[in-house]
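Trainee: how does the following fold in three dimensions:
(one chain, ligands or ions: 2)
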Amino acid sequence: MNQDVRGPLIGCIADDFTGATDVAGLMRRSGMRVVQCFGIPANASLVAGFDAVVVALKSRSIAADQACHQSCDAARWLASIGTERFFFKYCSTFDSTPDGNIGPVAEALMDHLNVQQTIFCPSFPENRRTVFQGHLFVGDAMLNECGMQHHPLNPMTDANLVRVLAAQTQRAVGRVGRPVAGNDFGATLAAAAPMVIVDAIDNDDLHAIAVAVAHHRLVTGGSAIAGHIADVLMKRRSSPRVDAGTVRTPADATIDGPAAVLAGSCSTATQAQVQDFARDHEHLTLDVVSACDGVDVLGAAKRWVDAQTSGRPVLISTTVDQETLAQIQQSSTRETAAAMAESMLAELGAYLVDHGIRRLVVAGGETSGAVVERLGIEAIEIGDEIAPGVPWTYSQGTPRVALALKSGNFGNATFFRTAIDGIAGPESA
Ligand SMILES: Nc1ncnc2c1ncn2[C@@H]1O[C@H](COP(=O)(O)OP(=O)(O)O)[C@@H](O)[C@H]1O
Ligand SMILES: O=C(O)[C@@H](O)C(=O)COP(=O)(O)O
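Mentor: Numbers count the residues shown, from 1 in each chain. Ligands and ions are numbered 1, 2, ... in the order given. As a prediction, the model looks like this:
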């Protein structure tokens, strides 16, 4: 059956919430209308008429068997709404533990979708993530020397992706070099191992790879390759959709109103953004260790929110530098401290929305997951990008809020200002 007539052109399964908005934003550049659901929505009509449907999971740091189970459930649901091409989105810094979950989930999806081979393409040149000779670079640093070796949940200590993936999987892992003009990249791929790390250092590489794999039933990677595949699919699209009653126009509704920023990421970029915004905005740092020791940090934070009467955007963060993070993780366990930070920020997100905040910028993937779940938002429509990989999004249903869910390491130092100015006007200093 004609793909245009039935379901979406592509269905994505993303392993965290900001990664999902990243891939959704990149696909929207192609002109696709994109919706993102948090988990499988109870109400499938929320996704009717969209070109791309992204199911955001929180499966990056959970047990591998659960991640596989949730991802296959998402694939089953996407198939039930007519999806024929699937994309598994993980982090452009290949965030995983020695046990997974990138490898196990990819294998589970290959089995589920009856696919013999798939590529792994995390490269995102616009955000300075490139893969060369199977090694992942962030800017000019190897993955294990770029700060990611200190990540609170998924420290990345090896830049050799063939080795990282092979440690997580049963199937053979291979590698192919960058596409070379005049060579048949599809044929090179077809001769490679079942799981193939693909070199890509610029958008031309990604375009050539996308042309070769756009028709594949399953592709895995970062958002950039998905954006290129979306381009190819839109250009190849043969006929307009016929379900005219449900066809969507690109998101043009913006939501205005008071804004706030919640930062739970400890990534280098977020540290700079917190510092920048705190220069001329009210800023509260939550003490995670005291909260773990039973102090009512949350109650005090709510009182702080109540005392803010200027109407200007405020910033609440748990963001700390690497040294402090290491100390915190010694005094409490890694998981306990992370869960405490996430739950306090999620609770405060709900408190802020209850008290009139309508635009919320959230920094950090796990943090965004906790906030969105606490707000009870089922789906968001993707709007304009603020920075590469970070679009404004608009909740469907209640509460009606604009959300910018930012991956920890995305955006320059003034990102929080840009995000808020982008909708509200002259907030920046
Ligand atoms: N002060 C802190 N102490 C310990 N853990 C923290 C602290 N602040 C944040 N965290 C945890 O660090 C993790 C950051 O992950 P995430 O929100 O995904 O950010 P990123 O996008 O940078 O990976 C979260 O689980 C968060 O709760
Ligand atoms: O691919 C990326 O870099 C992002 O989309 C992403 O997944 C980053 O992870 P978080 O920083 O944990 O949001």
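Trainee: quick one: G364 from ligand 2, how far?
Mentor: 6 Å (Cβ to the nearest ligand atom, to the nearest Å). Where C-beta positions appear, they are placed from N, C-alpha and C, glycine not excepted.
Trainee: then F410?
Mentor: As judged by Cβ to the nearest ligand atom, F410 and ligand 2 stand 7 Å apart.
Trainee: count of residues packed around the residue of the stretch 251-400 of the chain found nearest ligand 1?
Mentor: When scored by Cβ to the nearest ligand atom, the stretch 251-400 of the chain has G364 as its residue closest to ligand 1, at 2.4 Å. Neighbour count for G364, taken as other Cβ atoms under 10 Å: 31.
Trainee: any idea whether the residue sitting furthest away from the middle of the chain is helix, strand or coil?
Mentor: In the chain, G182 marks the outermost C-alpha relative to the chain mean, sitting 34.2 Å out by Cα atoms, centre = their mean. Secondary structure, DSSP: H, G, I helix; E, B strand; the rest coil: G182 is coil.
Trainee: picking that back up, check the residue of the stretch 251-400 of the chain closest to ligand 1 and give its pLDDT.
Mentor: Model confidence at G364, given as pLDDT, is 94.
Trainee: list the contacts for it?
Mentor: Residues in contact with G364 (Cβ atoms under 8 Å, 6 or more residues apart in numbering) are 18, 263-265, 267, 270, 406-408.
Trainee: ok, the residue nearest to it when sequence neighbours are not counted to G369 distance?
Mentor: With sequence-adjacent residues excluded and distances taken as Cβ to Cβ, 6 or more residues apart in numbering, G364 is closest to S265, at 3.3 Å. Computed with Cβ to Cβ, to the nearest Å, the distance linking S265 and G369 is 12 Å.
Trainee: so which of the two has more stuff around it?
Mentor: Legend: neighbour count by other Cβ under 10 Å for S265 and G369, higher for S265 (30 against 26).
Trainee: what residues does the stretch 1-150 of the chain put near ligand 2?
Mentor: Within the stretch 1-150 of the chain, the positions adjacent to ligand 2 are 16, 18-19, 22, 91-93 by Cβ under 6 Å from any ligand atom.
Trainee: of those - the most surrounded one?
Mentor: Counting by other Cβ under 10 Å, top hit in those: D22 with 33 neighbours.
Trainee: quick check, pLDDT for it.
Mentor: Reported pLDDT for D22: 96.
Trainee: that one and ligand 1: what is the separation?
Mentor: Using Cβ to the nearest ligand atom, one obtains 11 Å as the distance from D22 to ligand 1.
Trainee: how close does that residue sit to W77?
Mentor: Applying Cβ to Cβ to D22 and W77 gives a distance of 21 Å.
Trainee: do the same with R85
Mentor: Applying Cβ to Cβ to R85 and W77 gives a distance of 15 Å.
Trainee: torsion angles phi and psi at the residue of the stretch 251-400 of the chain closest to ligand 1?
Mentor: Here is the backbone geometry of G364 (degrees, to the nearest 10): phi 120, psi 130.
Trainee: before we move on, what about A14?
Mentor: phi -110, psi 140.
Trainee: now do G397
Mentor: G397 adopts backbone torsions of phi 80, psi -160, taken as degrees, to the nearest 10.
Trainee: how about it, what does it touch?
Mentor: G397 sits next to 46, 377-379 when contact means Cβ under 8 Å, 6+ apart.
Trainee: got CSV for these, with secondary structure, distance to ligand 1 and pLDDT too?
Mentor: As requested, those are exported to CSV (DSSP: H, G, I helix; E, B strand; the rest coil; distance: Cβ to the nearest ligand atom, whole Å; pLDDT from 0 to 100):
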residue, secondary structure, distance to ligand 1, pLDDT
L46, helix, 25, 87
I377, coil, 17, 94
E378, coil, 21, 93
A379, strand, 21, 95
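Trainee: can you pick out the most distant pair from the residues you listed?
Mentor: Spatial extent of these (Cβ to Cβ) is set by the pair L46 and I377 at 11.0 Å.
Trainee: so which of those two has more stuff around it?
Mentor: The neighbour count for L46 versus I377, taken as other Cβ under 10 Å, is higher for I377 (22 against 17).
Trainee: list the contacts of the more buried one.
Mentor: 38, 395-397, 399, 401, 403.
Trainee: out of those, which one has the weakest pLDDT?
Mentor: Among the contacts of I377, pLDDT bottoms out at G397, giving 84.
Trainee: how close does that residue sit to L352?
Mentor: 18 Å.
Trainee: residue numbers of the stretch 201-350 of the chain in contact with ligand 2?
Mentor: So the stretch 201-350 of the chain meets ligand 2 at 222-223 (Cβ under 6 Å from any ligand atom).
Trainee: what parts of the stretch 201-350 of the chain come near ligand 1?
Mentor: Contact residues (Cβ under 6 Å from any ligand atom) of the stretch 201-350 of the chain with ligand 1: 264-267, 288, 318, 320, 325, 328, 337-338, 341-342.
Trainee: tabulate those (TSV), appending pLDDT and secondary structure.
Mentor: Below are these laid out as TSV (pLDDT from 0 to 100; DSSP: H, G, I helix; E, B strand; the rest coil):
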residue	pLDDT	secondary structure
G264	97	coil
S265	95	coil
C266	94	coil
S267	91	coil
V288	95	helix
T318	98	coil
V320	96	coil
L325	90	helix
I328	85	helix
A337	92	helix
A338	93	helix
A341	97	helix
E342	97	helix
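Trainee: need those residues in CSV (columns: distance to E107).
Mentor: Listed next are those as CSV, based on distance: Cβ to Cβ, whole Å:
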residue, distance to E107
G264, 31
S265, 29
C266, 31
S267, 28
V288, 36
T318, 35
V320, 36
L325, 32
I328, 35
A337, 32
A338, 27
A341, 32
E342, 29
